Every structure is written in structure tokens, then in C-alpha cells.
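curious how this folds, go ahead:
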Amino acid sequence: MEKAKEFILKFLDKEAECWIRLNSNELDAFNQAVREFRSMAIEGVEKGLGISERTDFGIFKRTEKEIAENPLINKPRHLYKLSAYKNKMYDEIWVAYVSTKNPIGEPNKSVFSNGFIMSEIDNEFKIIGIMGVKLNNLTMNVTGWKGNIYNHSDLDIKKLGKFFETESYFEPSNHDDFSLNEYLKDK
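Purely as a prediction, here's the structure:
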């Protein structure tokens, strides 16, 4: 469990670094951070991570004055819980339940946004799937999880495998009537 936690914390730090670099006008450093971040996921899943290399900053270009007067710092997502499963295809997988990007305030003020599914492949941890919260289109209430990006042939978020362990780190808010209930479940 400790290795999985180390990996997901590095992954979340690298994601935040990408967004910081995007706002700093350092194109080469930004693209390098993006390559490193995307290499932490299996092929196919990396496309759904929400950030990719750029040839220029376009609308994100900021003046040196803007950067100096208003530096944009992105914090890593909050890690709420890490759960482990025995899986037929991957042997062991872990799900990291996390907040939104660049969370504001303390962990107990935020709610779940995603679940990053990871496994060890060839002695290296990789993100193998992503779950996102599912919203009711009319009420915008959270109704469960949906698979955002994953390979349908070998991973089903409703059948991750046999749950065997969880570590809890921070209790989320329950203002969505979902996150705290999910956090308290043995899954």
C-alpha cells in the first residue's frame, strides 16, 4: 500500500506542476512536465488526463508583469483514501479517491472528484483507469461513479475485483451527499 501511496502522491504533484508551468510561460519546462505526467499512465488512458504538450501558450500566454504580480500556483489534489483489490487481469489494483484539481481550503471542505485506478506493470506503477463522479443532468446531484477513461476490455469500474484493504487519510465534506458515504465504505 505504501508504494501505491508514494506513486499517487508523485502523480498528483506532477499534475499540479504541469498547471503551474502552463501559467509561467516556460514552454520547454511545461512540455517536459507534461511528458513525465502522461508517462505515468498506460497508453490510451494518458489522453484523458486533461493536459497535453503545446507548441505555444496561445490564450494562456501571460506577461512578465502578470506573472510577477499574480503568480498562479496550483496545489495537488487532496488524497482522501486508497483502496486495494485483487483483480483477475492486473493481480492487484488500487483506487485513489481524490478531490478536484487545485483544491481550495482544507481537505474536509472538498468532495470526491475522481478515482485514479492504478496497478504495477513490469515493476512500475501506472494509472490504468479513471473514474469520475456521475451527475444527474437535471439536478446536478452526484449519483455515483462513471468510468471516464479506461479500457473496456479489461477493466470495469463496477467489478474492480475482491476488495482487501483500505487506508483513509482525510475525511471529505458531505455537501454533495455522496463523498462522505463513499469514504466510509469498505471499498
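
now do the contacts for the residue lying closest to D156 once chain neighbours are set aside.
Closest residue to D156 apart from its sequence neighbours, by CB to CB, 6 or more residues apart in numbering: G147 at 7.6 Å. For every residue, glycine as well, the C-beta is placed using N, CA and C. By CB atoms under 8 Å, 6 or more residues apart in numbering, the contact set of G147 is 129-131, 155-157.

how much space between the residue nearest the centre of the chain and S24?
The C-alpha lying nearest the average C-alpha coordinate of the chain belongs to F116 (CA atoms, centre = their mean; 5.1 Å). F116 sits 25 Å away from S24, going by CB to CB, to the nearest Å.

ok so, going back, helix, strand or coil for the residue nearest to D156?
Three-state call for G147 (DSSP: H, G, I helix; E, B strand; the rest coil): strand.

and E26, what's its pLDDT?
For E26, the pLDDT comes out at 84.

mean confidence score for the longest strand anywhere in the chain?
Longest strand in the chain, counting residues (DSSP state E): strand 124-135. Strand 124-135 carries an average pLDDT of 92.

and for stretch 102-110?
pLDDT averaged over stretch 102-110 gives 89.

now the end-to-end length of that stretch.
11 Å (CA to CA, to the nearest Å).

who does whichever strand or helix holds V95 pair up with?
Element membership for V95, per DSSP states H and E: strand 91-98. The strands that strand 91-98 pairs with in its sheet are strand 79-87 (antiparallel), strand 114-121 (antiparallel) (by DSSP bridges).
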